[in-house]
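1. Below are the sequence and a predicted model for it; my questions follow.
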Amino acid sequence: MNIPINLFMWIMAFLPIIALLILMIKFNWGATEAAPVGLIITIVTGLAFFKADVRLLAAESAKGVWNALIILIIVWTAILMYQVGDEAKAFLVIRNGMRKLLPNELLLVLAMGWIFESFLQGITGFGVPVAVGAPLLIGIGVKPMWAVIIPLLGQAWGNTFGTLGAAWDSLAMSAGLSAGSKEYLVTALWTAAFIWFWNAIGGFATCWFYGKGKALKKGLPAVVLMAVIQGGGELLLSQVNTTICCFVPACVSLIVILLLGRTKMYNQEWSVEDSPIMNREFAGQEKGGEAPADMSLIQAFVPYFLLSALTLIVLLVKPVNETLGKISFGLSFPETSTGYGYVNKAVESFSPFAPFTHASMFLFISAIIGLLYYKKHGWIGDGGVKRIFVKSVSMTMPSGIAVIGLVIMSKIMDGTGQTVVLANGIAKVLGKIYVILAPFVGLLGTFMTGSNMSSNILFGGFQMTTANLLEVNSSAILGAQSAGGAIGSAVSPSKIILGTTTASILGKEGEVLKRIIALTVPTTIVIGAILFVLVGM
Amino acid sequence: MEKKSFFKTKEGGLTIAFVVIMLAFFIILAGLNSLNDTVCLAGFVIMVGAMLYSPIKTFILKPKK
C-alpha cells in the first residue's frame, strides 16, 4: 500500500464523517437525508484522492447493499413484532402490568429502558433492543425522543459480549488472540472493566434524565445493584465463558429488578411529577383504545418469551446450531485495487447469511406465532393482519435507505483505504498520546459501521499493531477499542434510526444524536485518560 | 379528507427508491461477474441516483412548492 499518509489525505478521509456529523447535529438533518450526502462525499474523495476505479466503487457498494440487507431483515422483523403487539394492544397491557409490578416509576423506566434492553442485547443485538424498546417505553408514558435515547444507552454496554459474544470473537480474531490464552483472558478483563464503567454511567444517566438529583438519590441503590450484577457479573464471567458473560448477568438483573420492586425501598408509588422525559398527558389517557381486559401480562409478553426461548435453543444447543447453520449463502466478489495499490482481495462467499441461525428468523417466527396466538384469542380483529404487514413495510423503508447509505459509505471508505489513513494518521501524529484516543477509534468504527463487531474487525488489528509500535499494553488498548465500540453503538446513526422509526419520530436522528453524544464522547475520553495513566505514561 | 395514495407519500417514494437500489444491486453483481465496467458503472449510477431521492425531495423539490 502506497497511500501517502499526510494531513491533506487525512482530512479527505475524515471529510465524509465530519459532513455527516455536521448535517445531523448542526442542521438537524435526518439520517435518510444525511447518509446519501456523506456517501457522495466518500465517492468523490475515493475517486479523486484515493485513486479508486469504478469497479472498486461498484463492488464495495454491492457489498454494502448486501450487508445492509442483512441488517434490514432484522429491522423489518423487529418492526413486524412490534406491529403485532401494537395491533393486539399488548403494549397497553405491558404498561399497565409493569406499573403494577413496579409502582416506582423510576424503577419502571430503568427496567423497561435499561434492564430489558440488556436482556435483548444479550441474545439478539443488531439494534433489536432499540427497535423493540422505544415503543415499550412510549407505552409507559415516556416521550418519544427519550424513548429512543434511553434504550440506546441501555443496550450499549452489551454490544461487545452480547449477541452471545459475537463482537468479542471478532476482536479476538482480528487481533490474533487464541481463545483461553493468557492474553485473551487479560484482554477480556480490560474490556469488561471499561464496559462496567459505561454500564454504570448508563444507569445513572437514565436516573438523571428522569428527575435530576432527586431521581439519582432514589435510584442510587438500584443502579449500584444492577451495575454490580451486569458489569461486575460480566467481568467475572469473562474469565470463565465469554459467550454467555453478558447474557447471564442480563437475565439475572431482569429477575432482580422485578424482586427489587417488592422491597420496602421501591414497593410504593413514586414519581417525579415534572419529569422532563415523561408525557403526563399520555399517561392519563388510553391512547389507541383500551387494553384488552382478558389479556394477562404473561400473555402480552408471549412473543418476547418465544424470542428468548428460540434464540437460546438455536444459539446455545450446539447440534441444533450446527445443523441449522449449515444452510448459508454469500456473494462472490472479484479482487479490486486502488491506484495506490490498496487491495481488496477476492472473496468466494462474502458475509455469508445463515437464515436459520440469524436473529431475523427468531424475530420472524416469534412475531408470526405471536400474531396467530393473539388472533386466536380475538385480540387481533378483521383486517388486522393486513394492517400489521403494511405498517411494518412502510415503517422499514425510510430507515432502509439510511442504513444502505451508511453501510455503503463505510464499505467504500474501507475499500479505498480511507479508514486506514484515518487511523494511521492519528497514531503517527500523536505518539503515546494516542492511547487517550484508542477508545475513541473504537467509537468511530461503530459510528461508521453501526456495529461493535464491524468496528473490531475494522480496527482490532490496527489497534494491536499501534500498541506494539508504541510499546504499550496491547490487551488494555484492545479492551479500550471494544469498549469504545460498545459505547459507539449508542451514537451509531443506523441504530438511532431503528429507534426513531419504531417511535414514529423519523427525521429526529440529529436531535437524538446531539443529546447522546454529550454523554458518550466525555465517557470515552475519561476511559482514554484512565488508560493513558495506567499504561501510557 | 382525501386519502393520499401510498406511492405519493414520502414512505412510498422511498419504497420505490429501495426497489431501484435493489435493481441497481443486481446490475452491479452482473457487471462484476462478467467483469464489465460499463455495466458496473450503469448500476452504480442508478444506485447513487436512487439514494439521492430523499435529500433532493426534502431540500430541493419540497421547498420550491
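-> All right, it came through fine. Numbering: from 1, shown residues only, chains lettered A, B, ... in the order given.
2. Going by C-alpha atoms from here, please, whenever you check contacts or count neighbours.
-> Noted.
3. now the residue of chain B found nearest chain A, nearest residue through space, not along the chain?
-> When you check chain B against chain A by C-alpha to the nearest C-alpha, the closest residue turns out to be B:P55, at 4.5 Å. Spatially, and ignoring its direct neighbours in sequence, B:P55 is nearest to A:E33 (4.5 Å; C-alpha to C-alpha, 6 or more residues apart in numbering or on different chains).
4. got it, and A:R280?
-> Taking C-alpha to C-alpha, 6+ apart as the measure, A:R280 lies nearest to A:G141, with 6.9 Å between them; neighbours along the chain are not counted.
5. how about the helices in the stretch 1-150 of chain A?
-> In the stretch 1-150 of chain A, the segments counted as helices under DSSP state H, counting those that start in this stretch are A:7-21, A:31-48, A:54-87, A:90-101, A:105-110, A:116-123, A:128-139, A:144-156.
6. Export these as JSON lines, with columns for mean neighbour count and mean pLDDT.
-> Converted to JSON lines, the helices of the stretch 1-150 of chain A look like this (neighbours: other C-alpha atoms under 10 Å in any protein chain shown; pLDDT from 0 to 100):
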{"stretch": "helix A:7-21", "mean neighbour count": "19", "mean pLDDT": "89"}
{"stretch": "helix A:31-48", "mean neighbour count": "24", "mean pLDDT": "92"}
{"stretch": "helix A:54-87", "mean neighbour count": "24", "mean pLDDT": "87"}
{"stretch": "helix A:90-101", "mean neighbour count": "20", "mean pLDDT": "82"}
{"stretch": "helix A:105-110", "mean neighbour count": "25", "mean pLDDT": "96"}
{"stretch": "helix A:116-123", "mean neighbour count": "29", "mean pLDDT": "85"}
{"stretch": "helix A:128-139", "mean neighbour count": "28", "mean pLDDT": "86"}
{"stretch": "helix A:144-156", "mean neighbour count": "29", "mean pLDDT": "96"}
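7. Please list all residues in contact with the residue nearest to B:P55.
-> With contacts defined as C-alpha atoms under 8 Å, 6 or more residues apart in numbering or on different chains, A:E33 is in contact with A:A402, B:L52, B:S54, B:P55, B:T58.
8. Mind doing that once more with 10 Å?
-> By C-alpha atoms under 10 Å, 6 or more residues apart in numbering or on different chains, the contact set of A:E33 is A:20, A:23-24, A:398, A:401-402, A:405, A:507, B:51-59.
9. where in the chain is pLDDT low?
-> The chain I'm using is chain A. Applying pLDDT under 70 to the predicted model, the residue ranges of chain A that meet it are A:1, A:282-289, A:458.
10. should've been chain B
-> When residues are selected by pLDDT under 70, those of chain B lie in B:1-4, B:63-65.
11. and the angle from the host helix or strand of A:M361 to helix A:116-123?
-> Element membership of A:M361 [criterion: DSSP states H and E] is helix A:359-376. Between the direction of helix A:359-376 and that of helix A:116-123, the angle (axes from the mean of the first three to the mean of the last three C-alpha atoms, to 10 degrees) works out to 130 degrees.
12. Name the next helix or strand downstream of helix A:359-376, please.
-> Under the assignment DSSP H and E, the closest C-terminal helix or strand after helix A:359-376 is helix A:384-415.
13. Quick one: check that following helix for contact with chain B.
-> Yes - judged by C-alpha under 10 Å from any C-alpha of the partner chain, helix A:384-415 comes into contact with chain B through A:V393, A:S394, A:M395, A:T396, A:M397, A:P398, A:S399, A:G400, A:I401, A:A402, A:I404, A:G405.
14. For PyMOL, write the selection for the buried entries among the contacts of A:E33.
-> Typed into PyMOL, the next command selects the buried ones out of those (criterion: 16 or more other C-alpha atoms under 10 Å in any protein chain shown):
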select buried, (chain A and resi 20+23+24+398+401+402+405+507) or (chain B and resi 51+52+53+54+55)
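15. the longest strand in chain A is where?
-> Criterion DSSP state E: the longest strand present in chain A is strand A:347-353.
16. starting at the chain centroid, how far to that one?
-> 23 Å (C-alpha atoms, centre = their mean, to the nearest Å).
17. how about it, does it reach chain B?
-> No - in terms of C-alpha under 10 Å from any C-alpha, no part of strand A:347-353 sits within range of chain B; the closest distance is 11.9 Å.
18. tilt between that strand and helix A:54-87?
-> What separates the directions of strand A:347-353 and helix A:54-87 is an angle of 10 degrees, with the same axes, to 10 degrees.
19. For strand A:347-353, name the packing helices and strands.
-> helix A:54-87, strand A:329-333 (3 or more C-alpha pairs under 10 Å, 6 or more residues apart in numbering or on different chains; DSSP states H and E).
20. of the ones you listed, which approaches chain B most closely?
-> Closest among the helices and strands packed on strand A:347-353, once you apply C-alpha to the nearest C-alpha, is helix A:54-87, at 5.6 Å.
21. burial of the residue nearest to A:A227 when sequence neighbours are not counted, as a residue count?
-> Once flanking residues are discounted, A:A227 sits nearest to A:A200: 5.3 Å by C-alpha to C-alpha, 6+ apart. Look at A:A200: counted by other C-alpha atoms under 10 Å in any protein chain shown, it has 20 neighbours.
22. Chain B versus A:A200, what's the distance?
-> A:A200 sits 39 Å away from chain B when distances are taken as C-alpha to the nearest C-alpha, to the nearest Å.
23. Contact partners for that residue?
-> Listed by C-alpha under 10 Å, 6+ apart, the contact set of A:A200 reads A:G154, A:W157, A:V223, A:V224, A:L225, A:M226, A:A227, A:V228, A:Q230, A:G231.
24. same check, this time on A:L519
-> Under the criterion of C-alpha under 10 Å, 6+ apart, the contact partners of A:L519 comprise A:L153, A:I201, A:G202, A:A205, A:I487, A:A490, A:V491.
25. I'd like the distance between the closest residue in space to A:G384 that isn't next to it in sequence and A:S170.
-> Nearest-residue entry for A:G384: A:E87, 6.7 Å, with adjacent residues in sequence omitted and distances by C-alpha to C-alpha, 6+ apart. The spacing between A:E87 and A:S170, counted by C-alpha to C-alpha, to the nearest Å, is 39 Å.
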